[in-house]
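Undergrad: Give me the fold of what follows.
(chains A and B)
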2 protein chains.
Amino acid sequence: VSRPQLSIIKIGGKIISDKPLLSIFFDSFKKIEGPKILIHGGGRKATEIAALLGIKTKMHEGRRITTAETLEVVTMVYAGLINKNIVSAMQAKGIEAIGLSGADGNLIEAVKRPVKEIDFGFVGNVVHVNTKLLHTLIQADFVPVVCPLTHSNKGQLLNTNADTITNKIAEAMSQDFDVRVRYCFEYNGVLRDMKDPDSIITQVTPDLAKHFIADGTFTDGMLPKLQNAFEALHNGAKYVSICGIEQVHELQPGTQIVIP
Amino acid sequence: VSRPQLSIIKIGGKIISDKPLLSIFFDSFKKIEGPKILIHGGGRKATEIAALLGIKTKMHEGRRITTAETLEVVTMVYAGLINKNIVSAMQAKGIEAIGLSGADGNLIEAVKRPVKEIDFGFVGNVVHVNTKLLHTLIQADFVPVVCPLTHSNKGQLLNTNADTITNKIAEAMSQDFDVRVRYCFEYNGVLRDMKDPDSIITQVTPDLAKHFIADGTFTDGMLPKLQNAFEALHNGAKYVSICGIEQVHELQPGTQIVIP
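TA: Down below sits the predicted model:
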């Protein structure tokens, strides 16, 4: 039985902060046929606004430690400044965008991450995605634009990584759709040589990933991206790729992530 | 022909900043039967955050002058900090809230206020309310929670007074609903004597308002509230009242605004 398709696109920090890049991205995003969801990060801008407010940003292995003060900042920046500017820019392009956090319509329930060696503060581990609101909006031809905030459903907002949110939404929506996940970034795919933007690897399997990690081709920035991409496939997504901002509407853009 | 009822409730700054008051308000709000929309302000918090960022707040006759910097602050505070904390707190009470700005779903189109004697900056005069998103959400039993931002539909967010947004949404939704507007504040109605919280006037007509303005009973803070309330009636609302936080679910709470 053929199921309807759903495209889930994730955009990261460098694109978000650059209006001309965003505009190019939206032109490609608009061409995606069928229902689609956009998920965005915003860590760079949060760090910037925190600094202006005199709040120091502490990270542990690339993850933000979210104090009560930091939570206020990310709530302002992710759900306010970034989300509404993106929605407004998309509307200007004729895309029926509507911005959401994980609290809206109880979209993403999470629990505060248990304290082990590190206290991450108000960071949420996702426990459940309620798809009712997404279904309602998609059915009415709206395009949900989701920022990386979740909530406890007991009144506590929580900070959750945008890639994690992408994967959890992909997993939940895979119940009803053939989900295509695209992680969109500043290169046109995963590169064999970071100095050569044309050295795109068209397919990455787990074995190939291991090989390129071992020989040092894939380094720091690419590792969590690949991990998330493989996770999305494991969790039910039909098709996962890492691609550039002008390619999200293409049938097979950038680097396809494959489990043979 | 009997039409469905819709309750539109506006809450202002003093309630928003006070968690115990908000909690009392939500308990009353939850008891309202049928479809409902909440609209909130947030000027006090915006002024506070602006000050922390070293941005001076300039007002003209009670209206905020919105520079590019101030627009960033109100976008963060209204759509982010306040809206998402309200939505999260409502969800914790079992209310299916979903937060919106005027950019989401192209809800409220506005034009930048023309510069006359005063340049108000990025302030929006409402030109159109698109009710499609509100209808979609209400039909699916969600409760829209609207913050006081509009947009140009050409990519520009704009700052618009929450009372104005209340009236414009009331006007637009009056096409399909019998709309009840309730302006909710820290007193249980319009007072004859500001020192006596029990001196509630049960009905205010335009003649009575003129009388009480002339003799000094109604002063500063009450005048724009009354003006907005009469405007809402003129624009198509069936029933308008000014009431307290524990009363919004009552049939005839506080002070009813009447045009005989």
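Undergrad: When you work out contacts or count neighbours from here on, use the C-alpha atoms and nothing else.
TA: Noted.
Undergrad: would you say A:A229 is within a strand?
TA: No: A:A229: not assigned to a strand; according to DSSP: H, G, I helix; E, B strand; the rest coil it is helix.
Undergrad: So it is in contact with A:A237, correct?
TA: No: A:A229 is beyond contact range of A:A237, at 9.5 Å (criterion: CA atoms under 8 Å).
Undergrad: got the phi/psi numbers for A:V87?
TA: phi -60, psi -40 (degrees, to the nearest 10).
Undergrad: so how many other residues sit close to the residue nearest to it when sequence neighbours are not counted?
TA: Spatial nearest neighbour of A:V87, excluding adjacent residues (CA to CA, 6 or more residues apart in numbering or on different chains): A:A97 at 5.5 Å. The local packing of A:A97 (other CA atoms under 10 Å in any protein chain shown) involves 27 other residues.
Undergrad: likewise A:H60?
TA: Neighbours around A:H60, by other CA under 10 Å: 10.
Undergrad: who's it bridged to?
TA: When assigned by DSSP bridges, A:H60 has beta-bridge partners A:R63.
Undergrad: State the distance from it to chain B.
TA: Look at A:H60 and chain B: by CA to the nearest CA, to the nearest Å, they are 25 Å apart.
Undergrad: Give me the pLDDT value at that residue.
TA: A:H60 is assigned a pLDDT of 86 by the prediction.
Undergrad: what about the stretch 1-150 of chain A, any weak spots by pLDDT?
TA: Applying pLDDT under 70 to the stretch 1-150 of chain A picks out residues A:1.
Undergrad: Close to chain B: what parts of the stretch 151-260 of chain A are there?
TA: A:151, A:153-157 (CA under 8 Å from any CA of the partner chain).
Undergrad: Now list the buried members of the residues you listed.
TA: A:151, A:153, A:155-157 (16 or more other CA atoms under 10 Å in any protein chain shown).
Undergrad: Give me the subset of those residues that lies in strands.
TA: A:151, A:157 (DSSP state E).
Undergrad: Between the buried ones among the residues of the stretch 151-260 of chain A next to chain B, which sits nearest B:S199?
TA: A:G155 (35.6 Å; CA to CA).
Undergrad: Could I get the average pLDDT for stretch A:159-166?
TA: Rounded mean pLDDT across stretch A:159-166 is 95.
Undergrad: roughly how far out does that stretch sit from the chain middle?
TA: 6 Å (CA atoms, centre = their mean, to the nearest Å).
Undergrad: can you list the residues that contact that stretch?
TA: For stretch A:159-166, the external contacting residues (CA atoms under 8 Å, 6 or more residues apart in numbering or on different chains) are A:8-10, A:39-41, A:66, A:71, A:74, A:122-126, A:147-150, A:228.
Undergrad: Try it again at 7 Å.
TA: A:10, A:39-41, A:71, A:122-124, A:148-150, A:228 (CA atoms under 7 Å, 6 or more residues apart in numbering or on different chains).
Undergrad: farthest pair in the buried ones among the residues of the stretch 151-260 of chain A next to chain B?
TA: Maximum distance among those (CA to CA): 8.4 Å, for A:N153 and A:L157.
Undergrad: Tell me, what's the model's pLDDT at A:E186?
TA: 87.
Undergrad: In the sheet, which residues pair with the residue nearest to it when sequence neighbours are not counted? Tell me.
TA: Counting by CA to CA, 6+ apart, A:E186 lies nearest to A:G244, which is 5.8 Å off, once chain neighbours are set aside. In this structure, A:G244 bridges to A:F185 when assessed by DSSP bridges.
Undergrad: pretty sure A:G244 contacts A:V190?
TA: No: under the criterion of CA atoms under 7 Å, A:G244 makes no contact with A:V190, lying 9.6 Å away.
Undergrad: Tell me which of the two has more neighbours.
TA: A:V190 (28 against 22).
Undergrad: Now do the same contact list for the more buried one.
TA: A:V190 touches A:200-201, A:242, A:255, counting by CA under 7 Å, 6+ apart.
Undergrad: from these, which is closest to B:A110?
TA: Of these, the one sitting nearest to B:A110 (CA to CA) turns out to be A:I242, at 37.8 Å.
Undergrad: mind checking how far the closest one is from chain B?
TA: For A:I242, the distance to chain B - CA to the nearest CA - is 28 Å.
Undergrad: who's in contact with that residue?
TA: Counting by CA under 7 Å, 6+ apart, A:I242 has contacts A:182-184, A:189-190, A:254-256.
Undergrad: now the strands for the stretch 1-150 of chain A?
TA: Applying DSSP state E, counting those that start in this stretch to the stretch 1-150 of chain A gives strands spanning A:5-11, A:36-40, A:59-60, A:63-64, A:97-100, A:108-112, A:124-129, A:143-146, A:149-151.
Undergrad: Just list whatever residues bridge to A:I98.
TA: Beta-bridge partners, per DSSP bridges, of A:I98: A:P144.
Undergrad: Am I right that it is in contact with B:L107?
TA: No: under the contact definition of CA under 7 Å, A:I98 does not touch B:L107, with a separation of 9.4 Å.
Undergrad: between those two, which one's more packed in?
TA: A:I98 (30 against 24).
Undergrad: Can I get the contacts of A:I242 in TSV including distance to A:E117 and secondary structure?
TA: Shown next, in TSV, are the contacts of A:I242 (distance: CA to CA, whole Å; DSSP: H, G, I helix; E, B strand; the rest coil):
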residue	distance to A:E117	secondary structure
A:R182	33	strand
A:Y183	31	strand
A:C184	33	strand
A:G189	35	coil
A:V190	33	coil
A:G254	38	coil
A:T255	36	strand
A:Q256	36	strand
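Undergrad: picking up where we left off before, shared neighbours, A:N153 and A:L157?
TA: B:S88.
Undergrad: Which residue, other than its chain neighbours, is closest to A:V123?
TA: A:N159 (4.6 Å).
Undergrad: for the strands of the stretch 1-150 of chain A, which one ends up most surrounded?
TA: Among the strands of the stretch 1-150 of chain A, strand A:149-151 has the highest mean neighbour count (mean count of other CA atoms under 10 Å in any protein chain shown), at a mean of 32.
Undergrad: For that strand, name the packing helices and strands.
TA: strand A:108-112, strand A:157-159 (3 or more CA pairs under 7 Å, 6 or more residues apart in numbering or on different chains; DSSP states H and E).
Undergrad: can you put those in CSV and add distance to B:A172?
TA: Listed next are these as CSV, based on distance: least, CA to CA, whole Å:
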stretch, distance to B:A172
strand A:108-112, 31
strand A:157-159, 32
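Undergrad: Show me the contacts of A:V190 that map onto strands.
TA: Those of the contacts of A:V190 lying in strands (DSSP E): A:242, A:255.
Undergrad: Spatially, what comes nearest to A:K154 if we skip its sequence neighbours?
TA: A:K154's closest residue in space is B:A92 (CA to CA, 6+ apart), at 4.5 Å.
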